[in-house]
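Chemist: I would like to see how this sequence folds:
(chains A, B, C and D)
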Number of protein chains: 2
Amino acid sequence: MTSTDADGTPILRPTRQRIAVAQAMASFHDFRSAQEIHELLGRRGERVGLATVYRSLQRMVEGGEVDLLRTEDGEAIYRRCSDTHHHHLVCRSCGATVEVEGPAVERWTRAMADEHGFADVSHTLEIFGTCPACR
Amino acid sequence: MTSTDADGTPILRPTRQRIAVAQAMASFHDFRSAQEIHELLGRRGERVGLATVYRSLQRMVEGGEVDLLRTEDGEAIYRRCSDTHHHHLVCRSCGATVEVEGPAVERWTRAMADEHGFADVSHTLEIFGTCPACR
DNA sequence: ACTGAGTTGACAACGATTCTCATTCCCTTG
DNA sequence: CAAGGGAATGAGAATCGTTGTCAACTCAGT
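Modeler: Have a look, this model is predicted:
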């Protein structure tokens, strides 16, 4: 069994690899695939296995330090994110993203769920468009 | 080169297979994966190749007759849908879905996009939860 | 029937992700 | 500081959904 912290949080060791992935995530502001991150680390001279990159990202997603979303063809892309709940405005051509948030949507989704008796509600909302620079 | 209709719509033949897939899609109201649809057809005695199921679904998505979305692990799931723009409330455990719509979200996303100068805007919004029956 | 383009199916190929497992690393304890 | 044990890693195999290949087939129009 996995040992846990006092509050049930699984213990994570700050290994060289995990630190490298965290730093990589801190170095850009848009969404990247696991493979891109792996490649980026390689170019920097940090030798980290691809499987480890996937594992690290998973943990970071579970821990809420990183956002995960899917491209249209189902590939997972990651981005570090602030700790508040929010959504993304993503540029279709250059991938630039802007975090947006607002109580309106939160309230609306909650209301819809209540209305239909759904519990344990979560939601995903992404807005795609062409950013000013790419027009 | 692919021949097209007068208005540029590619010509599609109403083959036995395509009709079978369309009927299958008409026979349920929630999201199903391509493989599930393929299996369903098999059980009905309709012999349709898996690749053909994928191809048919792709065409239906392009034609706007079917909605495509992704499960959390990136698998594509399909559902026939009405022609109005709407979103889905999806049960995490049984897959039941409810179509929901409302001008609030539409307005909000539009406003966010305008605010940041994004053009050609589209958005995806899915709400996940546990339906009354599954609690 | 003849023809040509659209379609199909079986199977190979692909690509992202996960699993396996022997090895290595990080911590804590003595 | 050496030892021990569980966590973490890496390399490659394995999964699995999805797409590509290509010869055989089917439909619509002549």
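Chemist: who in chain A is up against DNA strand C?
Modeler: Those residues of chain A that sit near DNA strand C, judged by Cβ under 7 Å from any atom of the strand, are A:13-16, A:33-35, A:50-51, A:54, A:58, A:75-76. Backbone N, C-alpha and C define where each C-beta goes, glycine included.
Chemist: most neighbours, which of the residues you listed?
Modeler: Within the residues of chain A next to DNA strand C, most neighbours by other Cβ atoms under 10 Å in any protein chain shown means A:Ala34, with 21 neighbours.
Chemist: these two touch, right, that residue and A:Ala76?
Modeler: Yes - contact criterion Cβ atoms under 8 Å: A:Ala34 and A:Ala76 qualify, at 6.6 Å.
Chemist: just to be sure, A:Val121 is in a strand?
Modeler: Yes - using DSSP: H, G, I helix; E, B strand; the rest coil, the assignment for A:Val121 is a strand.
Chemist: that one against A:Glu106, yeah?
Modeler: No - here A:Val121 does not reach A:Glu106: they are 10.3 Å apart, not a contact under Cβ under 8 Å.
Chemist: who's the closest spatial neighbour of the residue nearest the centre of chain A, skipping the chain neighbours?
Modeler: Central residue of chain A (Cα atoms, centre = their mean): A:Asp67, 1.6 Å from the mean position. Nearest residue to A:Asp67, sequence neighbours excluded (Cβ to Cβ, 6 or more residues apart in numbering or on different chains): A:Cys81, at 4.3 Å.
Chemist: the one you found contacts A:Glu99, doesn't it?
Modeler: Yes - the pair A:Cys81 and A:Glu99 qualifies as a contact (Cβ under 8 Å) at a distance of 7.0 Å.
Chemist: which one's more surrounded, the two?
Modeler: The neighbour count for A:Cys81 versus A:Glu99, taken as other Cβ under 10 Å, is higher for A:Cys81 (18 against 14).
Chemist: how about that one, what does it touch?
Modeler: Contacts for A:Cys81 were tallied using Cβ atoms under 8 Å, 6 or more residues apart in numbering or on different chains; they are A:Glu65, A:Val66, A:Asp67, A:Glu99.
Chemist: same deal with A:Asp120?
Modeler: Counting by Cβ under 8 Å, 6+ apart, A:Asp120 has contacts B:Arg92, B:Gly129, B:Thr130.
Chemist: so A:Val21: helix, strand or coil?
Modeler: A:Val21 ends up helix, using three-state DSSP.
Chemist: what mean pLDDT does the helix or strand encompassing A:Ala111 get?
Modeler: Per DSSP states H and E: A:Ala111 is located in helix A:103-115. For helix A:103-115, the mean pLDDT works out to 91.
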